[in-house]
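Visitor: Next comes the sequence, and after it the predicted model I'd like to discuss.
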Amino acid sequence: MRFHTRKWVKPEDLNPNGTLFGGQLLAWIDEELALYSIVQLENSRVVTKHMSEINFKSSARQGDIVEIGIDVVKFGTTSLVLKCAVRNMMTREIIITIDHTTMVNLGEDGKPKPHGKTQIEFVKDRL
């Protein structure tokens, strides 16, 4: 799994228990999955359709640095299915896993549009 983004857990990210608020973590994940999909599908019109079970395994505290990792599960005709894990950068302890998130490629009309992709592409290979 490639870990693409790091986030620093700040006071405004905490819940009343003093740990990272799950909703904040899910917002970070959704944004990262969208950005990854936009780059892979070369289209800024990408939406989250479905997330499988979200498994919280541990927590993060103020000052921790977390990393968001993504792998492609499969390319559909109009979609991209991704798996995600977030870990503590220093301890490597897994904080959360999501096995399947379906991102859908949209056309200008807002409806699913075939993307024609079948494998991961790296931006450096497109240049």
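Guide: Arrived safely.

Visitor: where are the low-confidence patches of the chain?
Guide: Where the chain drops to pLDDT under 70, the residues are 123-127.

Visitor: residue ranges for the strands of it, please.
Guide: 2-8, 46-51, 54-56, 65-75, 79-88, 94-105 (DSSP state E).

Visitor: Out of those, flag the one nearest residue 36.
Guide: Closest to residue 36 of those is strand 65-75 (CB to CB; 5.3 Å). For every residue, glycine as well, the C-beta is placed using N, CA and C.

Visitor: Return the distance of the most centrally placed residue in the chain relative to residue 18.
Guide: Closest residue to the average C-alpha location of the chain: residue 33 at 3.1 Å, with CA atoms, centre = their mean. As judged by CB to CB, to the nearest Å, residue 33 and residue 18 stand 27 Å apart.

Visitor: How about the contacts made by the residue nearest to the centre of the chain?
Guide: 48, 70, 82, 84, 101, 103 (CB atoms under 8 Å, 6 or more residues apart in numbering).

Visitor: can you rerun that using 6 Å?
Guide: Applying CB atoms under 6 Å, 6 or more residues apart in numbering to residue 33 gives the contacts 82, 101.

Visitor: Distance check, it against residue 45.
Guide: Distance, residue 33 to residue 45, using CB to CB: 15 Å.

Visitor: Can I get the top helix by length along the chain in CSV? Just the C-alpha atoms.
Guide: When the chain is parsed with DSSP state H, its longest helix is helix 22-41. The C-alpha trace of helix 22-41 is given here as CSV (Å, rounded to 0.1, in the frame of the first residue of the first chain):
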residue,chain,number,x,y,z
GLY,A,22,-13.8,9.7,13.6
GLY,A,23,-15.7,12.1,11.5
GLN,A,24,-12.6,14.3,10.9
LEU,A,25,-10.6,11.2,9.9
LEU,A,26,-13.3,10.1,7.5
ALA,A,27,-13.4,13.6,5.9
TRP,A,28,-9.6,13.4,5.4
ILE,A,29,-10.0,9.9,3.9
ASP,A,30,-12.8,10.9,1.5
GLU,A,31,-10.9,13.9,0.3
GLU,A,32,-7.7,11.8,-0.3
LEU,A,33,-9.7,9.1,-2.1
ALA,A,34,-11.3,11.7,-4.3
LEU,A,35,-8.0,13.4,-5.1
TYR,A,36,-6.4,10.0,-5.9
SER,A,37,-9.3,9.1,-8.2
ILE,A,38,-9.3,12.5,-10.0
VAL,A,39,-5.6,12.0,-10.8
GLN,A,40,-6.0,8.4,-11.9
LEU,A,41,-9.1,9.0,-14.0
